[in-house]
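A.B. asks: Need a 3D model of the following:
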Amino acid sequence: MFSFPINTRWQVSCSDKILGWNVLGLQGSLLASLLTAPIYLRSITVGGKSFSHGAVSRALCCRAAPMATRLNAPYSLNHPALFYVGDEEVPGQQEPAGHGGHKLSALAWCWSHGDPFPELLDCRSGRPVHAMQV
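C.D. replies: Sure, this is the predicted structure:
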């Protein structure tokens, strides 16, 4: 058995974490012991300057495909719908169900328990939008 030195730090990228969620689910071990099935993401929206559906799907789920056949129930490889928010149009991108054909907004409201109020973010940069810019 291989052991790591005590001082070794694991640095995991965002895509590695999302890949793990697409295999094991979002829930932690305590909640997993109470649930009958994992909680998986249904969709992921990516913002930025450019978008490659193939590269994003490989990074977030498809690179785990070789091990998918070895997963024990109730775990499986989840393939969430991928969407892009940016300045240019992406050929072939499908709109989310119930979207009504409207252009996706590049803005998102973010709020979490304990925050006094929600924050408006620009999804392309991840930065807050100030009230004067809205």
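
A.B. asks: Doesn't Phe82 belong to a helix?
C.D. replies: Wrong residue type there; residue 82 is Leu, not Phe. No: read with DSSP: H, G, I helix; E, B strand; the rest coil, Leu82 is strand and lies in no helix.

A.B. asks: from what I can see Ala68 touches Ser76, true?
C.D. replies: Yes: with contact defined as C-beta atoms under 8 Å, Ala68 counts as touching Ser76 (6.8 Å). Quick note: C-beta positions are derived from backbone N, CA and C, even for glycine.

A.B. asks: what touches both of those two?
C.D. replies: When contacts are counted by C-beta atoms under 8 Å, 6 or more residues apart in numbering, Ala68 and Ser76 have Val23 as shared neighbours.

A.B. asks: what are the ranges of the strands in the protein?
C.D. replies: 43-47, 81-85, 107-110, 119-122, 127-128 (DSSP state E).

A.B. asks: counting contacts, what elements does the second one pack onto?
C.D. replies: Read it as strand 81-85. strand 43-47, helix 53-60 (3 or more C-beta pairs under 8 Å, 6 or more residues apart in numbering; DSSP states H and E).
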